[in-house]
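A.B. asks: Sharing a model prediction with you, sequence too.
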Amino acid sequence: MFETQQHPLKRACIDKINEGLIKAERVYNRKFEFPAIDFNLTGTTAGKAYCGLNKITLNWILLKENGEKFVNRTPVHELAHLVSVLVYGVEGKGHGERWKNVARALGTSPERCHSYDTTNARTRGAYKYKCSCKEYVFSTVRHNRAMSGAKYSCKKCGYVLTPSSGGAIQLTTRTAAPGATLF
């Protein structure tokens, strides 16, 4: 089911989910299927449970940066969402009292939000564009729209913005360079 040469932090998350399932089976006196797990969630969200798919997605960057703190909280938090919906149906969705009871039964704190430092997880791709008078930094969404044919013009000179460096798109951090405008 999982790769044999797994990173120890990923293995620890999988082990925590397995421990949580064993607790859930004891508490609710029923079997639960082990969920699919991946580590490709991006952005500032630590984890996400897909109840209809029996799947948990975890943020690899936040896991690497927060290690044991992440392992001890996030995987079981997400598992509590899956178990809550399986036990209570739609009334178990979200972070309500039923979910909180399940979270406690699985041994995790029933808190809605994490407090991890998300500085590095928040970094996103940005693309440099230019006109005749200045440089702009496009978000990935705006860049993709430009690549699909959308035209963006400079409000000052009126020229259509084009990718910097002779058409080569340069990936940078989300922070704009001095003098550049985030667009």
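C.D. replies: Yep, that arrived. Numbering: from 1, shown residues only.

A.B. asks: And for the residue of the chain most remote from its centre, nearest residue in space, chain neighbours not counted?
C.D. replies: Note on the chain: the largest separation between a C-alpha and the mean C-alpha position, by Cα atoms, centre = their mean, falls on residue 157 (38.8 Å). In this structure, residue 157 finds its nearest non-sequential neighbour in residue 133, 4.6 Å apart by Cβ to Cβ, 6 or more residues apart in numbering. In short, each C-beta sits where N, CA and C put it, glycine included.

A.B. asks: which phi and psi does that neighbour have?
C.D. replies: The main-chain torsion angles of residue 133 are listed as degrees, to the nearest 10 and equal phi -120, psi -20.

A.B. asks: What's the local residue count around it?
C.D. replies: Residue 133 has 10 neighbouring residues, counting by other Cβ atoms under 10 Å.

A.B. asks: With residue 49 instead?
C.D. replies: Taking other Cβ under 10 Å as the criterion, the count of residues near residue 49 is 21.

A.B. asks: That one and residue 58 touch, don't they?
C.D. replies: No - using Cβ atoms under 8 Å as the test, residue 49 is too far from residue 58 to be in contact (10.2 Å).

A.B. asks: Give the intersection of the neighbour lists for these two.
C.D. replies: Taking Cβ atoms under 8 Å, 6 or more residues apart in numbering as the contact rule, the neighbours common to residue 49 and residue 58 are residue 78.

A.B. asks: re earlier: I'd like the distance between the residue nearest to residue 157 and residue 69.
C.D. replies: 48 Å (Cβ to Cβ, to the nearest Å).

A.B. asks: was I right about residue 164 contacting residue 136?
C.D. replies: No - contact criterion Cβ under 8 Å: residue 164 and residue 136 do not qualify, at 9.0 Å.

A.B. asks: Surely the residue farthest from the centre of the chain and residue 130 touch.
C.D. replies: No - with contacts counted by Cβ under 8 Å, residue 157 stays clear of residue 130, the gap being 10.6 Å.

A.B. asks: Next, the contact list for residue 27, please.
C.D. replies: 105-106.

A.B. asks: go again using 6 Å as the cut-off
C.D. replies: residue 105 (Cβ atoms under 6 Å, 6 or more residues apart in numbering).

A.B. asks: quick one: pLDDT of residue 4?
C.D. replies: Among the per-residue scores, residue 4 holds a pLDDT of 48.
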